[in-house]
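1. Structure for this input, please:
(4 chains)
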Protein chains: 2
Amino acid sequence: MSRPKAARVSMADVARLAGVSSQTVSRVANGHSSVVGSTRQQVLAAMKELDYRPNSAARALKSGQFRTIGVILFTLSSTGNSRTLEAIADHAALQGYAITLIPVAMPTQDSVLGAFTRLGELAVDGVIVIMEVHLLDAATVTLPPNVQVVVVDSDAGDRYTVVDTDQADGARQAVAHLLELGHRTVWHVTGPEESFASQRRAQAWRDTLTAAGRQAPPALHGDWSAASGYRAGLALADEPGCTAVFVSNDQMALGVLRALHERGRAVPADVSVVGFDDIPDAGSFIPPLTTVHQDFAEVGRRCVDGILRQIERGETAHGTALVPTRLVVRDSTAPPPADR
Amino acid sequence: MSRPKAARVSMADVARLAGVSSQTVSRVANGHSSVVGSTRQQVLAAMKELDYRPNSAARALKSGQFRTIGVILFTLSSTGNSRTLEAIADHAALQGYAITLIPVAMPTQDSVLGAFTRLGELAVDGVIVIMEVHLLDAATVTLPPNVQVVVVDSDAGDRYTVVDTDQADGARQAVAHLLELGHRTVWHVTGPEESFASQRRAQAWRDTLTAAGRQAPPALHGDWSAASGYRAGLALADEPGCTAVFVSNDQMALGVLRALHERGRAVPADVSVVGFDDIPDAGSFIPPLTTVHQDFAEVGRRCVDGILRQIERGETAHGTALVPTRLVVRDSTAPPPADR
DNA sequence: CTACGTAATGTTTACGTAAACATCAGCTCG
DNA sequence: CGAGCTGATGTTTACGTAAACATTACGTAG
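-> Numbers count the residues shown, from 1 in each chain, chains lettered A, B, ... in the order given. Sure thing, here's the model as predicted:
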């Protein structure tokens, strides 16, 4: 505080100008109990004249609430994360809560970690964790006590409230769509192993095939990036029996499309491709991608509602709430070549 | 607070257990002045035993600093915004600052607005604005006094510290690259009019053509989305003289590629396309996109450094600092058809 | 007409921290 | 050998707010 920063206006200042006690100012500010009209007007006028702004630090100190929700995540580079975050921020703002971002370094590179092992002293009433909880444990971040938690992309329903997209049903729809088109089986490109979402999608892919009496080919592994999808796509292009692929997210699907294109395998004539997420760009891929739509806005809304229910009403409803998905059929899927 | 929340541990509690005064605890906590080794050890032991966590509200009230930076933006859906945000969050965490997200509704839909006209009472030492300032003005958000501001994507260098990518030079490199390949002129797809970045890129595109003695064709207008790029691409496909396009971001370029593909105009054989941003997926487009690389990490770092310089050292260095760009040449550009 | 209830407002206090000031013991220097 | 200094620690106070309690004025029921 090197500079003499323009004097902060406090309730006392407003009270003095309005000729009332500071408690009355507080009452007006909070719309509490009874303040007669004329007094209220005077106070409001004084507030306006002085450009009074409540001091949130003092308020938090007194009330023990920060009206702030922390969001913990590894990265914003995945479309899903950033869209969930945006939905959370929008909905929280609507409820009068602010969002504090808590980036955590990957467990491998704990350089940055120290910075927010201090998480404990964070001014936050609750935390939304957008990642598999086991990873959080591994990251040696200690969640402070008395802080409510809601988790996305995890199976920790027994320990926390979990909000998630219905990964399994989405994957089932994708595979079923391909089978209905007449494909004998469906190949699969997974996300990173740590991702619970990826695990769920892979499991449902396998289960759906099995339930239909089909043999599941070996899964190929990616890391959510388009580049990893491209590598998987090259491998798939060399599988002559491969006529249909379910890719665990749209970005990897983009890479798969490029690999197939470069290897002269036409989509959807030779190979059908289905993605997951329905990112805004998916409709502009070549060809426009058939994919499973995730309702990120709804996920965000439920996260915020869930955490607020815990914070404001003390309800601790563990368990998992699933947000439904729906298949968006575009031009990357068609019956297998043999059928035509 | 419906529940009896486990009693908060304060400095006084730690002091009692350690048999010292609370001021000594404060000194240990802040590494301040002199505390003899043995005393320090006792205090640290007591802290650990009680799982003491400093109360940031009280600290903020006392010090007048929140160790928090607010980030104001319209949306996270543009890759640029979310990557800049991520870079800001990472770098801020490194410096021991937290990030508070402040989403602002578009000026058109002021429904959400009320929620954060309360911005004034926000617990924030400084604000980074990721949008054209005029839009911020239009959004009727009043920035509180005594809050430092750094701006991205704006020309308000006279009022604020502005950090930005060197848009003009990036656009110049893109156009120069196409001219060097032998194209007679270069078409252009802009971003939304309000975007300062888009304006700068368009201006530099025009200037570079003029400087080379070429005629600039009419610009086509998009809104950063792939869908808008697709529409522009359809129009371009109908221009027989069009052999080269500079698109103002990669997402729109994706749409342009699809439109050209659907109309049978081969890229890069018939038409060359250059994008802007170098999003992670750009290398997986069909064909891999030649584009202007933006160093978002550097932008984020400079934003944080700039705001911290203002907050902690009171330096108010207005003006604009430009982060250099570089052209990444991939497979979407080639000499014009006539040359071959 | 008095006693008591109620609405409106004022006064006191505590939240947890850290700056400012106070105290105290031990040590150095003239 | 004592004045004065230094380093270690304790005590007081203020930050801005809001809950809890206190006071005042006024109206009404008995």
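
2. Please point out which parts of stretch A:88-106 sit buried.
-> Using 16 or more other Cβ atoms under 10 Å in any protein chain shown as the test for burial, stretch A:88-106 gives A:88-94, A:97-105. From N, CA and C alone the C-beta is placed, and that goes for glycine too.

3. Any idea which residue of chain A lies closest to DNA strand C?
-> residue A:34 (2.6 Å; Cβ to the nearest atom of the strand).

4. dump the residue contacts of that residue.
-> Not one residue lies near residue A:34 by Cβ atoms under 8 Å, 6 or more residues apart in numbering or on different chains.

5. SS state for it?
-> coil (DSSP: H, G, I helix; E, B strand; the rest coil).

6. coming back round to it: quick check: which of the buried residues of stretch A:88-106 has the minimum pLDDT.
-> Across these, the smallest pLDDT goes to residue A:105, namely 66.

7. Tell me which of the buried residues of stretch A:88-106 fall in helices.
-> Secondary structure from DSSP state H places A:88, A:89, A:90, A:91, A:92, A:93, A:94 of the buried residues of stretch A:88-106 in helices.

8. was I right about the fifth one contacting residue A:99?
-> Yes - the pair residue A:92 and residue A:99 passes the contact test of Cβ atoms under 8 Å, sitting 5.3 Å apart.

9. For the closest residue to residue A:315 other than its chain neighbours, identify the helix or strand it belongs to.
-> Leaving aside its chain neighbours, residue A:315 sits nearest to residue A:309 (4.9 Å; criterion: Cβ to Cβ, 6 or more residues apart in numbering or on different chains). For residue A:309, the element it lies in under DSSP states H and E is helix A:296-313.

10. next one: that helix to chain centre, how far?
-> In terms of Cα atoms, centre = their mean, to the nearest Å, the centre of helix A:296-313 is found 12 Å from the chain centre.

11. what's the answer for stretch A:67-74, then?
-> Worked out by Cα atoms, centre = their mean, stretch A:67-74 lies 11 Å from the chain centre.

12. what does that stretch contact?
-> A:56, A:60, A:81, A:85, A:88, A:92, A:96-104, A:106, A:119, A:122-131, A:135-136, A:141, A:147, A:304, A:307, B:100, B:123.

13. ok, now stretch A:193-211?
-> Here stretch A:193-211 makes contact (Cβ under 8 Å, 6+ apart) with A:80, A:132, A:134-135, A:153-155, A:164-165, A:167-172, A:174-176, A:179, A:185-186, A:188, A:190-192, A:215-216, A:219, A:221, A:224, A:246, A:248, A:276.

14. So among these, which ones count as buried?
-> Buried among these (16+ other Cβ under 10 Å): A:80, A:132, A:135, A:153-155, A:164-165, A:167-172, A:174-176, A:179, A:185-186, A:188, A:190-192, A:216, A:219, A:221, A:224, A:246, A:248, A:276.

15. Where does the prediction get shaky in the stretch 51-200 of chain A?
-> Applying pLDDT under 70 to the stretch 51-200 of chain A flags residues A:105-121, A:136-146.

16. Let me see the contact set for whichever residue of the stretch 151-300 of chain A sits closest to DNA strand D.
-> Of all residues in the stretch 151-300 of chain A, residue A:161 sits closest to DNA strand D, at 27.3 Å by Cβ to the nearest atom of the strand. Residue A:161 makes contact with A:149, A:150, A:151, A:306, A:307, A:310, A:316, A:317, A:318, A:319, A:321, according to Cβ under 8 Å, 6+ apart.

17. got those residues as TSV, with neighbour count, secondary structure and distance to residue A:210 columns?
-> TSV is the format used below for the contacts of residue A:161 (neighbours: other Cβ atoms under 10 Å in any protein chain shown; DSSP: H, G, I helix; E, B strand; the rest coil; distance: Cβ to Cβ, whole Å):
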residue	neighbour count	secondary structure	distance to residue A:210
A:149	22	strand	35
A:150	26	strand	33
A:151	27	strand	29
A:306	23	helix	34
A:307	26	helix	37
A:310	21	helix	38
A:316	12	coil	37
A:317	9	coil	33
A:318	11	coil	30
A:319	9	strand	27
A:321	17	strand	27
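
18. now, which of the residues you listed sits nearest chain B?
-> Distance to chain B across these (Cβ to the nearest Cβ) is lowest for residue A:316, with 9.1 Å.

19. Which pLDDT does the model give the closest residue to the closest one other than its chain neighbours?
-> With sequence-adjacent residues excluded and distances taken as Cβ to Cβ, 6+ apart, residue A:316 is closest to residue A:310, at 5.9 Å. pLDDT recorded at residue A:310 is 86.

20. Got phi/psi on the residue most central in space within chain A?
-> Nearest residue to the geometric centre of chain A (Cα atoms, centre = their mean): residue A:84, 3.2 Å. When read as degrees, to the nearest 10, the backbone of residue A:84 gives phi -60, psi -40.

21. And for residue A:246?
-> phi -110, psi 120.

22. Would you enumerate the residues in contact with it?
-> So residue A:246 contacts A:171, A:174, A:175, A:178, A:186, A:187, A:188, A:189, A:201, A:205, A:274, A:276 (Cβ under 8 Å, 6+ apart).

23. could I get those residues as CSV with distance to residue B:69 and secondary structure?
-> Below are the contacts of residue A:246 laid out as CSV (distance: Cβ to Cβ, whole Å; DSSP: H, G, I helix; E, B strand; the rest coil):
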residue, distance to residue B:69, secondary structure
A:171, 40, helix
A:174, 41, helix
A:175, 45, helix
A:178, 47, helix
A:186, 47, coil
A:187, 46, strand
A:188, 42, strand
A:189, 39, strand
A:201, 36, helix
A:205, 43, helix
A:274, 41, strand
A:276, 34, strand
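
24. now, which of these sits nearest residue A:334?
-> Distance to residue A:334, by Cβ to Cβ, is smallest for residue A:178 among those, at 10.0 Å.

25. distance of the closest one from residue A:279?
-> 20 Å (Cβ to Cβ, to the nearest Å).

26. Residue A:290 too?
-> For residue A:290 relative to residue A:279 (Cβ to Cβ), the value is 13 Å.

27. hey, where'd the strands end up in the stretch 101-250 of chain A?
-> With DSSP state E, counting those that start in this stretch, the ranges of strands along the stretch 101-250 of chain A come out as A:126-130, A:148-152, A:161-165, A:187-190, A:220-221, A:244-247.
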